[in-house]
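Asker: No sequence on hand, only this structure:
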């Protein structure tokens, strides 16, 4: 074997020297600006200055910026390099051979960071800006725990304290991610907790309250507002979070250039929308400018069909109606997400930027039941070795289906997806699948409120 | 920041094009040959041909070979590249800064493969040779499960069936690794099992028998000998296994050359000895030839002090006295390993090659209690992000202690270790540590048999 010629057919690697040094801000290239967040009291656009009591100032500035490229601070770039970025672009040739498809399947390896997912791409940036502005403690909520662990690690690396409200049912069922956050020195409380007024009020009514992401957000915000030295961090949905994730797609674009290819199809799972945006936005700009016809497909759960059955309207980001109203695809802020294992996909809304692009026809979406996505994940594991996270298994399913379509049509499509996390903290879900005990869930009741605006 | 200049201070990466294409066989460079395995019946050297009913022929050939470099078959090289080899050599600069040490600390990232440890370096090679020789099924045993999962994945990638006997207590306490092996399509049985005569005989006496590695080996051998199309695989101890792991050190040597450094100290944890050999042998040759004075330090558990308190003599490799006698440092084949969390270090003997090198004074060893090694692992996590396996935490402890010694002496030692696995399937052990519930264990009763030879 001539290693030199063939190694790129396995994994396209970028030298650390070639890591992108700016993030890409898609707000610079949209046909029109997205609609601003509204203050639910006045139904007027929220004043960014008001948000600075909650988020670091620089993050509020990035949220509304239309600057095309935002320089990655040296300290964040240093942290990226220490997480073994740039990540490889992997060619799944064994999977292609198994499927007997003429399609080429590539994925970005975002599971290699110590936190096991793409979340550190923004967590490191958020920790850095907060540290720089003199903040002493970060506060956040987490459901299944990928975001919480990423922020815990990032806080540790930048010398910040960190408090995490973890939905009680996850705190009990997924002890591993709580442990990781504590190894990194964070405080983790099951939510509802006795640490906030709101938490105590709920525990008084029900001492075993199982919690929800909405309640955990409320507790995190209450704690943030009580302490001048604390700021709140969010792991998806917002524009600045999506922008930090574009390091994935900027690397991928260089990697595809190295092998003289360009993806015909980019698919990714969507919870709040950040990993999908991260891979796709640097390619989406070419489509926005009419240069390419790449297809962009968001993959979600049939149990939480926010982009396939959601309504495009203003809605709260949380259940407790504390956040501003965001213009987005939503199932309604009171939507009760069924207990699918892909915890990262259990959110009622969708990032305003993704919602906008779907509305405008620049991308589309598809929904799956969890048994079929675990079957796809098993095929990936048995052909390529990698055991993927239940979230990412959704786009593996789509990539496989598309590759099989290519087998019928003979099309040599270049398919790319984001392998956004490993499944090593989700093995009990895999065991349920193997044991034939995994259930599919129909969506809950969809009730989307309307606001006069 | 000038990325080009500084990126190598974070992670020294080797292009896939520069992956080493041969393994290094230290048997070519020893001052004298190591003593051969003996048939316990005759006390004569075992005839390699007899071993071919157990192992693939090529592996038996490699076991006794004194060829200096053995070409890595293209198919294995391909598999290595698909596991994202070459792995980065990481500079732990944040740890250095935390310790305020003038020492430089580097580690190889062997936890990045889908199986989460260095074990696939040999599992892939063993699966390949067996497949090539027409074997249809691999059989092995596993304790904590790192080896079992690596062989399960490798069997899947090379289209072989795989059966794993997993020590029952681990099967019950560490369900994650069993699940991984099953996702990759292997059969996993708790040992003792109802699948073998030996297993059934034990279950008749005690239906809840908790098992041991020795019993699991016996079951795996019984199954192998019953079926002409099956062969047995071992994950450590033997010469050919250690040789396959030298891909680690061969890469590291190239990486140190790239930054114009050479390690003054190489440390690694030792269970059977394979990961330590893998990193150190390509450097050890320079010391054997008198070119360098690099120190080599094996780190083990005080509960299983095979190299610090073991006797250098012929002993069985397993509890049930089925294997040939190996000349090695041993605590006696009936040694009962206390239940430390570093499952990979729970073995009574030590690889004959490592045992020989320790006896000859080319390397030394040190033992730790588990609480102090978890404390070291926490320091690594909070400075560098990475949560390491309990096994590897032993060499992290040594590296930290040495770096602190350098702080006192002002020595700018270059310290290298193998970060051989991640700790994401050992988080319950970390939680015990955080909760102050982790126990230290004194060694068990050390009784080393003597054989006339």
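Answerer: Received the coordinates, thanks. Owing to the predicted nature of the structure, the values given are computational and were not obtained by experimental measurement.
Asker: Does anything pack onto the helix ranked longest in chain A? Which helices or strands?
Answerer: Taking DSSP state H as the criterion, chain A has its longest helix at helix A:390-409. Using 3 or more CB pairs under 8 Å, 6 or more residues apart in numbering or on different chains; DSSP states H and E as the contact test, the elements touching helix A:390-409 are helix A:93-99, strand A:104-109, strand A:265-269, strand A:295-301, strand A:364-368, helix A:370-384, strand A:414-419. To be clear about C-beta, it is placed using only N, CA and C from the backbone, and glycine gets the same treatment.
Asker: buried sites along the longest one?
Answerer: Of the residues in helix A:370-384, A:370, A:372-374, A:376-384 count as buried by neighbour count, 16 or more other CB atoms under 10 Å in any protein chain shown.
Asker: The first one now?
Answerer: Judged by neighbour count (16+ other CB under 10 Å), helix A:93-99 contains these buried residues: A:93, A:94, A:95, A:96, A:98, A:99.
Asker: show me the contacts for residue A:111.
Answerer: By CB atoms under 8 Å, 6 or more residues apart in numbering or on different chains, the contact list for residue A:111 reads A:117, A:386, A:388, A:389, A:419, A:420, A:421, A:422.
Asker: same deal with residue A:360?
Answerer: Going by CB under 8 Å, 6+ apart, residue A:360 touches residue A:31.
Asker: Ramachandran angles for it?
Answerer: Backbone torsions for residue A:360, taken as degrees, to the nearest 10, come to phi -80, psi 0.
Asker: now it: how far from chain B?
Answerer: Using CB to the nearest CB, to the nearest Å, we find residue A:360 at a distance of 36 Å from chain B.
Asker: out of the helices and strands packed on helix A:390-409, nearest to residue A:196?
Answerer: strand A:295-301 (30.0 Å; CB to CB).
Asker: Which strands border the very next helix or strand once past that closest one, and is each parallel or antiparallel?
Answerer: Where DSSP states H and E defines the elements, the next helix or strand beyond strand A:295-301 is strand A:311-316. According to DSSP bridges, strand A:311-316 forms sheet pairs with strand A:325-330 (antiparallel).
Asker: Can you give the contact residues for the helix or strand following the strand it pairs with?
Answerer: Following strand A:325-330 in sequence order, the next helix or strand is helix A:352-359 (DSSP H and E). For helix A:352-359, contacts defined as CB under 8 Å, 6+ apart pick out A:26-27, A:30, A:34-35, A:237, A:239, A:242, A:270, A:273, A:276-277, A:284, A:296, A:298, A:307, A:310, A:312, A:326-329, A:349-350, A:363-365.
Asker: Now do the contacts for the closest residue to residue A:166 other than its chain neighbours.
Answerer: The shortest distance from residue A:166 to any non-neighbouring residue, by CB to CB, 6 or more residues apart in numbering or on different chains, is to residue A:142 (5.1 Å). Residues in contact with residue A:142 (CB under 8 Å, 6+ apart) are A:148, A:149, A:151, A:164, A:165, A:166, A:167, A:170, A:177, A:216, A:235.
Asker: Let me know the closest of the residues you listed to chain B.
Answerer: Using CB to the nearest CB, residue A:177 comes nearest to chain B of those, at 8.3 Å.
Asker: how would you label residue A:90: helix, strand or coil?
Answerer: strand (DSSP: H, G, I helix; E, B strand; the rest coil).
Asker: Return only those of the buried residues of helix A:370-384 found close to chain B.
Answerer: Counting by CB under 8 Å from any CB of the partner chain, A:378, A:381, A:382, A:383, A:384 from these sit close to chain B.
Asker: Hmm, the fourth one is touching residue A:100, no?
Answerer: What it means is residue A:383. No - under the criterion of CB atoms under 8 Å, residue A:383 lies out of contact with residue A:100, with a separation of 11.9 Å.
Asker: Distance from the helix or strand harbouring residue A:154 to the middle of the chain?
Answerer: With elements taken from DSSP H and E, the one containing residue A:154 is helix A:146-157. Between the centre of helix A:146-157 and the centre of its chain there are 14 Å (CA atoms, centre = their mean, to the nearest Å).
Asker: Kindly report the same for stretch A:66-82.
Answerer: Its chain's C-alpha centre and that of stretch A:66-82 lie 19 Å apart, by CA atoms, centre = their mean.
Asker: how far is the longest helix of chain A from where the chain is centred?
Answerer: From the chain centre to the centre of helix A:390-409 is a distance of 20 Å (CA atoms, centre = their mean).
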